[in-house]
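[1] A structural model of the following input is requested.
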Amino acid sequence: MDPKKIDLSQFTPDKIRNFSVIAHIDHGKSTMSDRLLEITGTLSTRVKNEQFLDKLQVERERGITVKAQSASMIYEYKGEQYLLNLIDTPGHVDFSYEVSRSLYACQGALLLVDAAQGVQAQTMANFYLAFDQNLTIIPVINKIDMEAANPEAVEKELENLFDFHPTDCIRASAKAGIGITEILDAIIERIPAPQANLEEPLKALLFDSWYNEYKGVICLIALKNGVIKKGDIVSLAQSDKDYEVLELGLLYPDETPMDALYAGQVGYVITGMKTVQEARVGDTLYHKRQPVTPFPGFKPAKPMVFAGIYPIENTEFDLLRDAIEKLTLTDASVKVEKKTSVALGLGFRCGFLGLLHMDVFKQRLEQEYDLSVIATAPSVLYKVKLKNGTTIDVENPSDLPDPMAMETIFEPIITATIILPKEYLGSILKLCQDKRGVQKEMVFLSEERIILTYKLPLNEVATDFYDQLKSLSSGYASLDYEEAGYEPSDLVKMDILLNGSPVDALSVILHRETSERTGRMLVEKLRQLIPRQLFVVAIQAAIGAKIIARETISALRKDVIAKCYGGDITRKRKLLEKQKAGKKKMKQVGNVELPQEAFLSILKKD
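    Below you'll find the predicted structure:
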């Protein structure tokens, strides 16, 4: 359909359906979104753009969705035209905040399950996210054209876990285009129309925003009531500023300008906002002279993992600050504050929802803004009870108070749900025990698959737990986790010293039992990574004043006595003493350059 011929006023709320696609990572959400856009004619089949809604370079490289994207479609059903707004959401556990925000703007959701892999941990988590918001859920069994597909077993799992009757499930294959029209019909038949009123004053929810170099901040809004037209003066509930609507329209599938948006519709709006702080996600948009009661907003995301991000060149600090500001607009779940490090200079301390989230954020800084950055070892938020009775929060190991002043340290605990094939059970139980886990329950999902529930310290999971879980289970195990409060633990701070001076960026907080083993491993690794200097470098791991591990990098030395052939020994000794004095002086003034690999090696404990 030609976008210029679309008349949005004919789509009254009963002709609108807002829905999202939710699934575990890699169950075919983005491909399903492509097919829906193609069948409804929104995406021309000539433009062969696989995973059209995965717009970021990092999404295409990794094959994952990081950012929720939306697109509108027009579908004819029984002679009537309907406007469908699709929101494609990420599947990975680290991006569940994006999913919860997207569901807020919907009345229904397609729950995609891979016909070969069955229900996975994130399928359950996303189902409960949608269920808690009273959305209508349509179960879709995807990839039925694969040889390993077993839709009957998946239907049984869906019935056992979520009480879906097998007749409710739609069998489809996004790749082969099977069952797509059945899905579109089900969206219109089963998902309720938005509760909206054209007569009431304008009230719209701002549920996403991103930055465009030419147009400034672009906001994605879901209209609850009223009409918004080009040229209107609108206000935001939280910032109390007024803006003129310069452009608005549908994402069909790219930005397509329209004259107005009506109640129940989802579209974008450009108001010439200059700074990224103004477009707070979860805010309420209304006409300047007609204030309305604002939406409750979203629960702010709680960062689970903290890391420092520093520019490699100190002169790039301003560029890094601008890049982080623009990125946090598209990803509101990152918490940022400015920090100074003795070893690395000016930079930022950022809070992330998980390790993949941190990794993707760093990759986006490098790809989209062409910056070279160093990320320090990730840490989590501890609570420390002092002997004077006060409790403080510590997220950076260098902020940990003196051991004499501390009474107890509390560390964050998570409840992890792991779904795995039964043949990998032994190795995964051992992994959870090594990470100081406590088993809560073990349930058979089917004859072949098991749901494990474990209580684990977040500190142990924050570094390499997910990678190990995947490698031990040949990629078949899936993980989802939620916070479970704080518990007291015997934790210590370990410093890494180079020639006696601590490197604050390499300090870690860890459990006393594992500290010696980790200390030995780290100094061994750093010995291989730090290039030899013209003086001896001592690498030490220390807990307080006690050194628990040491490695020495011997000096590079020039053969100063090469030119002395024969002659008296005192001549040679004089030259060697002179060299020795020079080395000693050099050691006092020389500083050891730490390569970036040294910071990465701490992230990846082998």
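[2] Surely Lys574 is in a helix?
    Yes - the assignment for Lys574 by DSSP: H, G, I helix; E, B strand; the rest coil puts it in a helix.
[3] what's the neighbour count on it?
    Residue neighbour count, defined by other CB atoms under 10 Å, stands at 14 for Lys574. C-beta coordinates here come from the backbone N, C-alpha and C atoms, glycine included.
[4] That one and Leu534: what is the separation?
    20 Å (CB to CB, to the nearest Å).
[5] what's the answer for Ser341, then?
    26 Å.
[6] do Pro194 as well
    Pro194 is 71 Å from Leu534, by CB to CB.
[7] worst-scoring helix or strand of this structure, pLDDT-wise?
    helix 57-62 (a mean of 58; mean pLDDT, DSSP states H and E).
[8] Look at Tyr252 and report its pLDDT.
    On pLDDT, Tyr252 comes in at 78.
[9] Now for it, how many residues are close by?
    20.
[10] Just read off the phi/psi values of it.
    phi -130, psi 70 (degrees, to the nearest 10).
[11] For this structure, which segments are assigned as helices?
    Taking DSSP state H, the helices of the chain run over residues 29-39, 57-62, 96-104, 121-132, 151-162, 180-190, 317-330, 355-368, 425-434, 458-472, 512-529, 569-589, 596-603.
[12] Please name whichever of those helices is nearest to Ala307.
    helix 355-368 (5.6 Å; CB to CB).
[13] Buried ones in stretch 114-133, by neighbour count?
    Buried residues in stretch 114-133, defined by neighbour count with 16 or more other CB atoms under 10 Å: 114-127, 129-130.
[14] Stretch 396-410 too?
    Asn396, Pro397, Leu400, Met406, Ile409, Phe410.
[15] just stretch 414-430 next, same as before
    Neighbour count says stretch 414-430 has Ile414, Ala416, Thr417, Ile418, Ile419, Leu420, Pro421, Tyr424, Ile428, Leu429 buried, by 16+ other CB under 10 Å.
[16] Let me have those in TSV, extended by pLDDT and distance to Val245.
    Formatted as TSV, those follow (pLDDT from 0 to 100; distance: CB to CB, whole Å):
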residue	pLDDT	distance to Val245
Ile414	87	44
Ala416	86	46
Thr417	86	44
Ile418	86	48
Ile419	82	47
Leu420	85	51
Pro421	83	54
Tyr424	87	55
Ile428	90	54
Leu429	92	58
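[17] follow-up on the earlier one: want to throw the helices of the chain into a markdown table with distance to Ile170?
    Formatted as a markdown table, those follow (distance: least, CB to CB, whole Å):
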| stretch | distance to Ile170 |
| --- | --- |
| helix 29-39 | 11 |
| helix 57-62 | 26 |
| helix 96-104 | 20 |
| helix 121-132 | 16 |
| helix 151-162 | 10 |
| helix 180-190 | 5 |
| helix 317-330 | 32 |
| helix 355-368 | 30 |
| helix 425-434 | 33 |
| helix 458-472 | 30 |
| helix 512-529 | 49 |
| helix 569-589 | 71 |
| helix 596-603 | 42 |
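[18] Between the two ends of stretch 555-569, what distance do you get?
    24 Å (CA to CA, to the nearest Å).
[19] Let me know the closest of the buried residues of stretch 414-430 to Lys241.
    Nearest member of the buried residues of stretch 414-430 to Lys241, counting by CB to CB, is Ile414, at 39.2 Å.
[20] List the contacts of that closest one.
    The contact partners of Ile414, taken as CB atoms under 8 Å, 6 or more residues apart in numbering, are Lys455, Leu456, Pro457, Leu458, Val461, Tyr481, Glu482, Glu483, Ala484.
[21] Report the separation between the residue lying closest to it once chain neighbours are set aside and Glu460.
    Nearest residue to Ile414, sequence neighbours excluded (CB to CB, 6 or more residues apart in numbering): Tyr481, at 4.4 Å. Remark: distance between Tyr481 and Glu460 (CB to CB) = 12 Å.
[22] Alright, I will stop here.
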